[in-house]
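[1] Below: sequence and its predicted model.
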Amino acid sequence: MRSRLPIPVLVSLLLAAGAAAVVPRLAAAQDWPQWRGPNRDGVAPAAAVPAAWPAALKPGWTLPVGVGHASPVVTGRRVIVHTRQDEREVVSAVDLDSGKIAWQDSYDAPYTMNRVATAHGKGPKSTPVVAGGRVCTLGITEILSCYDVASGRLLWRKEFSAQFPKTSPDFGTAMSPLVDRGLLIVHVGTSGQGEIVAFDAATGVPKWRWAGDGPGYSSPVAVDIAGTRQIVTQSQARIVSLAADTGALLWSLPFSTPYVQNIVTPLAYRDLLIFSGLENGIMAVRPAKQGSAWTAETVWKNTEAGMYMNSPALKGELLFGFSHKNRGQFFCLDAATGKTLWLGEARQGENASLVLAGGFLVSLTNDADLAVSAVSPGGMEPVRKYKAAESPTWAHPVLTGRGVLVKDEKALTFWTFD
């Protein structure tokens with residue numbers, strides 16, 4: 001069996017809690033409340049982008065928080081990060097200005113890794129989500145928790161061992177929860193058996209369930225198509241769309257990857273939805289309603305590039321991403337036609353998390369290289385390159401306007417732009 005697994009991380013020693021250096025109080029932060037940013041699409045709002053990219057990043061503070069590659073999220077002056085220390089998962093709220101812990105909670109979360117994944121860590125891998133003054137986290141064994149952001153008070157918690165013989169897919173839970181119109185949406189279960197569940201985010205009361213497939217490692221998105229609000233994701237063996245208010249299946253397509261690694265987050269472009277997966281290229285699907293029934297037609301497919309553990313981002317008509325082909329390669333496609341506009345240099349690494357920031361593409365590789373490039377239909381030009389850590393960086397970077405948050409193997413660091 002090949003060693004390619006979803007969202008791997010090199011995990012060795014675990015951290016004890018540590019002190020953080022203090023930096024001067026900053027201006028108001030740009031919220032980054034969920035997986036891939038405010039709109040769940042890898043695009044940074046203007047307020048999160050510096051006026052000019054500095055020649056070097058300045059260290060603000062570094063806080064040992066534990067292992068795992070869940071990305072941090074930001075709400076106001078507070079950073080939330082979900083990690084592991086020994087056999088407990090830890091949720092920490094950190095002051096963005098000082099790096100000091102405002103509150104912290106932990107709970108038992110023993111986890112035995114798949115034997116072919118023992119080098120890849122025990123997570124957690126799912127990014128928290130903040131909405132309505134609450135933050136919700138999903139652990140690697142599908143412990144779902146909801147806290148009051150201000151106080152850290154646990155509002156409610158769910159676990160699913162009574163429903164499923166194993167509470168995670170083969171390589172550990174990696175989907176990041178979604179909050180849509182007051183509903184907290186997660187995909188739980190194990191290989192061959194699972195359900196997408198919508199809970200009332202305030203109370204934890206389940207509102208609907210769809211039990212058509214086990215979970216993949218993709219994170220769902222909410223989109224409006226033909227006047228219908230839909231929840232779209234990659235499950236274990238399918239692409240599925242559910243009615244956001246009832247959970248009813250609207251349409252689905254078969255979709256599978258080697259060793260069941262459906263990972264890429266869907267991306268909406270006009271009336272199209274863009275998908276990708278290991279050894280599956282990139283494709284655009286157009287859902288349409290005919291009477292009371294839905295169809296989903298594949299409009300274009302590109303096999304010159306393909307995504308594995310990362311997800312793409314759009315700027316106008318331009319689709320930017322990082323291909324697993326040629327040992328790691330940035331690319332740009334025409335989102336309307338799927339035509340390849342350019343392919344970057346080969347051998348750029350195993351993975352790169354992407355943020356579109358104005359006319360720049362910000363990428364963080366698993367080797368901790370944080371690069372800023374100017375991008376256009378004609379290519380990409382390097383602008384700045386920074387070393388963001390001394391250990392692997394699988395978590396998504398977070399731009400705040402005054403700096404960038406980077407979660408490495410063991411610690412969370414705030415690098416400032418000034």
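    All right, it came through fine. This one's a predicted model, so the numbers in the text were calculated from it and none came from an experiment. Numbering: from 1, shown residues only.
[2] going forward, measure contacts and count neighbours with C-alpha atoms only.
    OK.
[3] quick one: low-confidence parts of this protein?
    1-29, 119-120 (pLDDT under 70).
[4] how much space is there between the residue of it positioned farthest from its centre and Pro377?
    For the chain, the largest distance from the centre (Cα atoms, centre = their mean) belongs to Gly291, which lies 35.1 Å off. Separation of Gly291 from Pro377 (Cα to Cα, to the nearest Å): 39 Å.
[5] beta partners for Lys407?
    Bridge pairing for Lys407 (DSSP bridges) gives the partners Leu412.
[6] show me what contacts it?
    His69, Ser71, Pro72, Thr393, Trp394, Ala395, His396, Pro397, Thr413 (Cα atoms under 8 Å, 6 or more residues apart in numbering).
[7] will you turn the residues you listed into JSON lines that also has secondary structure and distance to Ala201?
    What follows is the contacts of Lys407, written out as JSON lines (DSSP: H, G, I helix; E, B strand; the rest coil; distance: Cα to Cα, whole Å):
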{"residue": "His69", "secondary structure": "coil", "distance to Ala201": "24"}
{"residue": "Ser71", "secondary structure": "coil", "distance to Ala201": "20"}
{"residue": "Pro72", "secondary structure": "coil", "distance to Ala201": "20"}
{"residue": "Thr393", "secondary structure": "coil", "distance to Ala201": "30"}
{"residue": "Trp394", "secondary structure": "coil", "distance to Ala201": "28"}
{"residue": "Ala395", "secondary structure": "coil", "distance to Ala201": "25"}
{"residue": "His396", "secondary structure": "coil", "distance to Ala201": "24"}
{"residue": "Pro397", "secondary structure": "coil", "distance to Ala201": "26"}
{"residue": "Thr413", "secondary structure": "strand", "distance to Ala201": "30"}
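[8] wait, which of those residues is closest to Leu319?
    Proximity of the contacts of Lys407 to Leu319 (Cα to Cα) peaks at His396, which lies at 18.5 Å.
[9] show me what contacts the closest one?
    Here His396 is in contact with Arg36, Ala70, Ser71, Pro72, Ser353, Leu354, Leu364, Val406, Lys407 (criterion: Cα under 8 Å, 6+ apart).
[10] Of the residues you listed, which is the most crowded?
    When those are compared by neighbour count (other Cα atoms under 10 Å), Lys407 ends up highest, at 33 neighbours.
[11] Distance of the residue farthest from the centre of the chain relative to Ala226?
    Taking Cα to Cα, one finds Gly291 at 12 Å from Ala226.
[12] Quick one: end-to-end length of stretch 394-414, please.
    End to end - Cα to Cα - stretch 394-414 spans 16 Å.
[13] and what of stretch 341-351?
    21 Å.
[14] Quick check: buried residues in it?
    Leu341, Trp342, Leu343, Gln348, Gly349, Glu350, Asn351 (16 or more other Cα atoms under 10 Å).
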